[in-house]
Structure formats: structure tokens, C-alpha cells
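> My questions are about this predicted structure, shown below with the sequence.
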Amino acid sequence: MQLYSFIKSVKIYNFLFTKGQNKMKKIISVILAATLLLTSLFVLTSCSGSSGKITIAVPSDTTNEARALLLLQEQGLITLKEDAGITATVRDIVENPYNIEFKESEERSRGLGDVYKRQAVINSNYAIDAGIDPISQSLAMEGSSSAYSNVLCVKEGNENSDEAKALLAALESKQVADFIASEYKGAVVSVVENPGDGFDSTVDYEALKGKTISVAASPAPHAEILKVAKDILAEKDITLEIVEFTDYVQPNKVVDSGDVFANYFQHTPYLDDFNAENGTHVVSIGAIHVEPMGIYGGKHTSLDAIKK
């Protein structure tokens, strides 16, 4: 009887012990599962945080990319190598305290039409094309003294032709300077120091009567500015044909081939690079205006917001 009681007690103890072990195992399993879940949530939160990192689009062509990076450096967002200069790329960034990611974009003005939905550094004419006011909606802009003036260009050898001089005189007129000032209110700035009446006294306008001068141009502001010059030339019975392009390659190619007489869309550093890379012979005959490059912040309304 005592033996039976002892055996029964042992069985009950083993049952309770085993049951306790199983219960403990369940408790430990719950704790481990909870720990794993919390760890996963932490990792996911960390990853989502990194996806919120600021990405800024910059032009991919050499001169404009450098120009954009120099503006970002001026605003204290990055630091470039001391000798980077006007050929700087994102690979020349030596300090990036706000951990900004850069996207070198092939997109031009049309591709950057949604610029105000994201961060980008672009010329004011691209912003204008996108329906954005560079003065009120940019976070920072180059000064009007920027060295990147937009120039009127022709094929080498045509610099001193009456067509070139007549077109340049029209673009260097007070009418054009006044139009730029009133239409763009600082987003585009005339660089002509002494605007004239629109005509060149050395040109034989009688010989140009009835002729057509063709110009390749970006839609805004270049084609818009050329419309003022068109009215001036019309006074001398000269037709100005404005051929609009939405890329930065064809305007130089059509001038170099002779299909179009002149172009008006670029600054000198870009022209120099283009000629060197493509073997073209397009030359500048006069600077007309500058389009200050600006930083656009997408949802951010200040540089401080980007820095946070």
C-alpha cells in the first residue's frame, strides 16, 4: 500500500513537473516570439527611416552638374574638393553632413516637369516650363552675376555676316531687356550692358529684305524672348523663323550642319564642352541673359527642413 502510494506520488510529481515544463516552454516560446517580433519591427522601422533620406536630382551634363553642386556647397549642404571647380561631379563631394543622396539625371526641362514634387537643382527656365515661379518657390538661387550667360550662336565663319549682326542687334535691344525684366521678374536676367534700339548701323538691311533667318531655341524663355526680336526684324521686312527644340543636342547639330542659321539656348561652358566632345564648330557671338540655377525642395519649404 505504501509502495503504491509512493509510485502514485511519483507519477503525480512527474505529471506536474512535465506539465510545468511544457508550460514553461510555452512561456519561453511566447517571450522569444515577442522578442523576434519587436526586433523585426525595429529593423523595418530603421529601413523605412533610411528610405526617407533626402534625394536631390542634379543635371548629368558636366557644366550644369558642377554648377548645381557649387550652389549646394554655397548653401552649406555639401563640401567639394578644393580643385573640383566647374567640372565637379558627385564623386568630388568630400563632406555630406546631411547624408543627401544625389541622382544624376538625364532629364531636361520636360522631364523635370514634376520638379516641385521632389528635390532638384535646375535652371530657372526649367522651373518656368514646369509652371513654377523661381523667385517665390525656390529655396535658394544663384545671383544674377552668374558666369553662365545664355548666348546667341552661329556656325563658325558666319559671325560677321549681316544676318548674324542683325539678329544680335535685335536681341541686344532695349525692347528685349525690358521684356525680360517685366516678364520674368528676376527669374531671368538680361546681361546686356547697353541695350540699343534693335538695329546695327553696319548692316545692309536693304539686302536682307525678304530674307528668313532661322533660330533653334528652347521654348522658354528663349523662344519667348525671340518673339520680341522677331517683331524688331519684321520692321526691316526680315522674317525670323523660331524652331523650338526640347533637347540640348539637336540645336547645335542643326547649326553645325547649316540646316538652321543660329541657336539660342545654352551658356558658353556647355557650348565649349559640346564642341570638344562632338567635333562641331559652333561659336558664340553675344551674351543675352542668365537663368539663375535654383534649389527646389519638393515638399520642403526651406533649406533648414532639408538639413533636418
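Nice, thanks for sending it over.

> ends of stretch 153-161, how far apart?
Its start and end residues considered, stretch 153-161 measures 12 Å (Cα to Cα, to the nearest Å).

> ok, and what's touching it?
Residues from elsewhere that reach stretch 153-161, judged by Cβ atoms under 8 Å, 6 or more residues apart in numbering: 164, 252, 255-256, 258, 261-264, 266, 271, 281-285. In this view, the C-beta of every residue, glycine as well, is placed from N, C-alpha and C.

> Point me to the residue sitting closest to the centre of this protein.
residue 122 (2.8 Å; Cα atoms, centre = their mean).

> Who does that one form a beta bridge with?
residue 294 (DSSP bridges).

> close enough to count as contact, it and residue 59?
Yes. Look at residue 122 against residue 59 with Cβ atoms under 8 Å: they come within range, at 7.0 Å.

> Overlap of the contact sets of these two?
With Cβ under 8 Å, 6+ apart, residue 122 and residue 59 have common neighbours residue 68.

> Which of the contacts of stretch 153-161 ranks first by neighbour count?
For the contacts of stretch 153-161, the largest number of neighbours (other Cβ atoms under 10 Å) sits with residue 263, at 28 neighbours.

> and it, that one's in a helix?
No. The assignment for residue 263 by DSSP: H, G, I helix; E, B strand; the rest coil gives strand, which leaves it out of any helix.

> quick one, strands of this protein?
55-59, 79-80, 93-95, 101-105, 119-123, 140-141, 149-155, 189-190, 212-217, 239-244, 262-267, 282-290, 293-297 (DSSP state E).

> Point out the most buried one among those strands.
strand 119-123 (a mean of 27; mean count of other Cβ atoms under 10 Å).

> CA-only coordinates of that one in CSV, if you can.
Taking C-alpha atoms only, strand 119-123 is exported to CSV below (Å, rounded to 0.1, in the frame of the first residue of the first chain):
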residue,chain,number,x,y,z
GLN,A,119,14.1,67.9,-54.7
ALA,A,120,16.2,69.1,-57.6
VAL,A,121,18.7,71.8,-58.6
ILE,A,122,17.8,73.1,-62.1
ASN,A,123,17.9,76.3,-64.2
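
> just checking, residue 275 touches residue 284?
No. Checked against Cβ under 8 Å, the pair residue 275 and residue 284 is beyond contact range at 10.5 Å.

> isn't residue 187 right up against residue 135?
Yes. Between residue 187 and residue 135 there is a contact under Cβ under 8 Å: 5.6 Å.

> Counting neighbours, go ahead and name the busier of those two.
Neighbours were counted for residue 187 and for residue 135 using other Cβ under 10 Å; residue 187 has more, 24 against 15.

> State the pLDDT value of that one.
Per-residue pLDDT puts residue 187 at 91.

> Can you tell me, leaving aside adjacent residues, what's nearest to it?
Distances taken as Cβ to Cβ, 6 or more residues apart in numbering put residue 134 closest to residue 187, at 4.1 Å, once the chain neighbours are dropped.

> now residue 121
Residue 121 sits nearest to residue 68 (Cβ to Cβ, 6+ apart), 3.7 Å away.

> With distance to residue 169 as extra columns, can I get the strands of the chain in CSV?
Below are these laid out as CSV (distance: least, Cβ to Cβ, whole Å):
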stretch, distance to residue 169
strand 55-59, 32
strand 79-80, 40
strand 93-95, 44
strand 101-105, 37
strand 119-123, 26
strand 140-141, 30
strand 149-155, 11
strand 189-190, 15
strand 212-217, 12
strand 239-244, 12
strand 262-267, 13
strand 282-290, 9
strand 293-297, 29
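
> Relative to residue 308, which of those strands is closest?
For residue 308, the closest of the strands of the chain is strand 293-297, at 11.9 Å, according to Cβ to Cβ.
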